[in-house]
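> sequence and computational prediction follow.
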Amino acid sequence: MCGIIAYIGSKSVESVILVCLTRLEYRGYDSAGIAVLNNGELQVRKAVGKIKELEMHLQAHPVTGNIGIGHTRWATHGEANQINAHPHTDSQKNLAVAHNGIIENYYELRHEMLGKGYVFHSETDTEVIPYLIEDKMKEGASIEDALHHSISRLKGRYAFVLISDRQDKKLFFACDGSPLIYAKGENDVFLSSDIPAVVPLAKENYYIRSGEWGWIKDDGELVLFDKKKSPKTYETHQIKIEAKDTEKNNFPHFMLKEIFEQPKIIRSIIEKRICLDEAKVLFPEKESDNSYLGRLSRIVLISAGTSWHAALVGKHYLENIAKITTEVDISSEFRYRNPIVSGDTKVLAISQSGETADTLASIYEAKAKFLRVIAFVNNTYSTIAREANAYVDLLAGPEIGVASTKAYTAQVLHLILYASFLSEIRWVSKKEERKKLYSEIKKLPEQIEEILSQADIIKQWACDFKQSKDFVFLGRGLNHATALEGALKLKELSYIHASGYAGGEFKHGPIALITDQVPVVCIATKCETYEKMLSNIEEVKARKGKIITISSKGDEKTAKLADYNFSIPECIPLLSPILNVIPLQLLSYYVSVERGCQPDQPRNLAKSVTVE
Ligand code: M6R
């Protein structure tokens with residue numbers, strides 16, 4: 001939530017920061033701003049809305065220089081207007097701050113500063129930072145000491161970058177709980193909320209750790225300290241992401257590109273993880289202590305949003321395949337309900353971004369209860385990957401569309417593979433059973449290709465549904481989660497109200513929603529609850545609801561009952577959530593486009609939800 005960028009280099013700071021902000025826009029797009037130092041003069045420009053608005057504002061009011069900071073906002077404190085847009089300055093406009101996260105004690109600090117005569121202009125929590133620094137500097141402290149003192153006063157999760165006309169050759173920063181990366185190339189040095197924003201200029205990076213702060217000199221050297229002001233050393237790593245991974249590559253939107261990337265991603269996960277001859281799954285990143293995994297009595301899955309839906313599917317896998325009691329908790333609930341746990345419980349946190357504040361907070365909660373935590377993340381440098389005891393790389397590649405698609409299928413696939421991996425360690429599966437499962441998994445990439453080759457069918461449906469006001473999604477068993485995911489995708493992208501229900505629950509209330517205006521998506525692929533889903537379909541039909549079915553290829557009976565039917569290649573029921581979700585991703589995408597929405601950047605949302 002919120003993207004921050006800082007740059008020192010030989011290029012025009014304005015254009016570099018604009019490019020980087022455009023790539024960070026998925027983190028928030030309520031307003032944007034830039035601050036630049038030019039021969040000791042601080043220039044600040046802000047605009048409400050997307051980066052394009054800032055770009056237009058800069059055309060009318062240009063800035064020049066080669067050291068600067070930028071921000072793209074997802075509003076937490078204060079509405080999306082120009083005053084609340086970052087960067088925020090001190091009262092003398094000598095320094096500017098761009099911040100991501102929340103200063104939880106801002107109210108107390110604000111009152112303290114008001115008492116000292118400071119006048120606040122914005123409603124943000126951020127504005128206390130430049131004032132705290134200014135106040136310390138008024139007492140005679142250097143900017144470095146004032147920065148150190150000020151961060152000792154802040155509570156919450158934050159990363160911020162700062163420039164000052166008093167030190168016009170340094171970029172200052174501080175980080176506690178929100179992501180911030182130092183990245184450098186031949187002549188360019190950055191601080192950024194993520195890596196895709198700074199490729200291909202940056203070649204190597206260092207993820208700044210919580211509690212670290214310091215500055216970058218104009219020769220690019222990073223000067224790093226811990227909270228006690230002891231100097232710290234660091235090691236940079238080569239950046240592996242390529243520029244093409246962060247571009248749309250002829251697709252109109254990142255979301256569509258990412259949906260179509262799924263066969264390639266699933267194929268590469270299979271290649272990396274499955275050894276068919278030995279009937280083994282390879283998790284080179286896993287914890288080495290297999291005997292501990294064998295003794296586990298319970299797994300608690302924690303996650304949010306789409307990742308929570310993956311966890312719901314994962315529960316079925318862990319219970320059916322690894323025969324281990326599994327609970328699923330929404331991260332923000334687990335953290336506050338003081339769960340009863342014992343030492344043989346393992347927590348498995350799932351997060352695409354690896355930065356979700358709720359999930360991170362529940363990891364801290366679990367660790368405080370002395371539980372071991374393994375994280376399934378798509379960013380192995382993320383805070384969650386670092387804070388967990390071990391992590392598994394989801395291998396989906398950068399996901400830029402705000403709606404999670406390829407990361408979801410990668411999560412579900414990893415969960416079945418992990419369940420199978422545990423089943424071997426726990427001696428609850430036979431080699432032949434695992435071999436059979438892996439040969440079925442190997443068919444997935446081609447099956448997904450087959451589904452995607454019929455994307456036009458769904459595109460046509462989208463015209464019929466663009467005026468719908470409500471949608472219902474029904475699924476049972478493993479595909480209850482698919483129904484929830486289909487509903488979430490549709491509402492987040494096209495702002496149509498949509499709800500997902502377990503088929504069996506439908507008659508206990510929600511069926512009252514059905515009229516001839518309500519499309520009902522019924523996930524009715526072949527599995528043990530197939531007949532029961534047919535009954536659901538009949539019940540909806542009897543009440544004149546519009547029936548959309550996701551059925552197994554060759555199932556004429558279901559197709560005949562439906563007003564709209566999409567056929568899925570035949571697969572074993574365990575794998576159906578991976579295939580069944582693809583037409584629902586396409587449906588939400590095409591309906592969103594038909595309604596003139598922006599599928600890559602739906603309103604009010606941000607890709608990384610780094611506030612609780
Ligand atoms: O990065 P995470 O997987 O932890 O994110 C969790 C949710 O915020 C995320 O899945 C969200 O629900 C997606 N926008 C849904 O498409």
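That came in fine, so what should we check first?
> so what's the residue of the stretch 201-350 of the chain found nearest the ligand up against?
Proximity of the stretch 201-350 of the chain to the ligand (CB to the nearest ligand atom) peaks at residue 305, 2.0 Å away. Using the backbone N, CA and C atoms, a C-beta is placed for each residue, glycine as well. Taking CB atoms under 8 Å, 6 or more residues apart in numbering, we find residue 305 in contact with 404, 488, 609.
> let's see 7 Å
Listed by CB atoms under 7 Å, 6 or more residues apart in numbering, the contact set of residue 305 reads residue 488.
> ok, now which ones touch the most centrally placed residue in the chain?
The chain has residue 353 as the residue nearest its centroid, 3.8 Å off, counting by CA atoms, centre = their mean. By CB under 7 Å, 6+ apart, residue 353 lies in contact with 379, 382, 607, 608.
> neighbours around the first one, how many?
So that's residue 379. 25 (other CB atoms under 10 Å).
> go on, residue 549?
Residue 549 has 25 nearby residues by other CB under 10 Å.
> ok, now residue 513?
Residues near residue 513, counting by other CB under 10 Å: 17.
> next one: residue 535
As a measure of burial, residue 535 has 14 neighbours, counting by other CB under 10 Å.
> if I look at it, how far off is residue 261?
Going from residue 535 to residue 261 by CB to CB, to the nearest Å gives 37 Å.
> do residue 342 as well
Distance, residue 342 to residue 261, by CB to CB: 41 Å.
> more neighbours, the two?
residue 261 (21 against 10).
> these two touch, right, the more buried one and residue 407?
No - with contact defined as CB atoms under 7 Å, residue 261 does not count as touching residue 407 (10.6 Å).
> name the helices or strands packed onto the lowest-mean-pLDDT helix or strand in the chain?
Scoring the helices and strands of the chain by mean pLDDT, DSSP states H and E places helix 290-295 at the bottom, with a mean of 75. Judged by 3 or more CB pairs under 7 Å, 6 or more residues apart in numbering; DSSP states H and E, helix 290-295 is in contact with helix 406-425.
> give me the distance from the helix it packs on to the chain's centre.
For helix 406-425, the separation from the chain centroid amounts to 19 Å (computed by CA atoms, centre = their mean, to the nearest Å).
> identify each buried residue in the helix or strand just after it, please.
Where DSSP states H and E defines the elements, the next helix or strand beyond helix 406-425 is helix 431-441. Buried residues in helix 431-441, counted by 16 or more other CB atoms under 10 Å: 434, 437, 438, 441.
> ok, stretch 552-571 next?
Per 16+ other CB under 10 Å, stretch 552-571 contains these buried residues: 552, 555, 558-559, 561-562, 564-569, 571.
> dump those into CSV; add secondary structure, pLDDT and distance to residue 400 as well.
Formatted as CSV, these follow (DSSP: H, G, I helix; E, B strand; the rest coil; pLDDT from 0 to 100; distance: CB to CB, whole Å):
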residue, secondary structure, pLDDT, distance to residue 400
552, strand, 97, 33
555, coil, 96, 36
558, helix, 96, 36
559, helix, 95, 36
561, helix, 94, 38
562, coil, 95, 34
564, strand, 97, 30
565, strand, 97, 32
566, strand, 97, 26
567, strand, 97, 30
568, strand, 97, 27
569, coil, 97, 28
571, coil, 96, 29
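> nearest to residue 325, of the residues you listed?
residue 571 (26.9 Å; CB to CB).
> so what's that closest one up against?
So residue 571 contacts 440, 443, 447, 579 (CB under 7 Å, 6+ apart).
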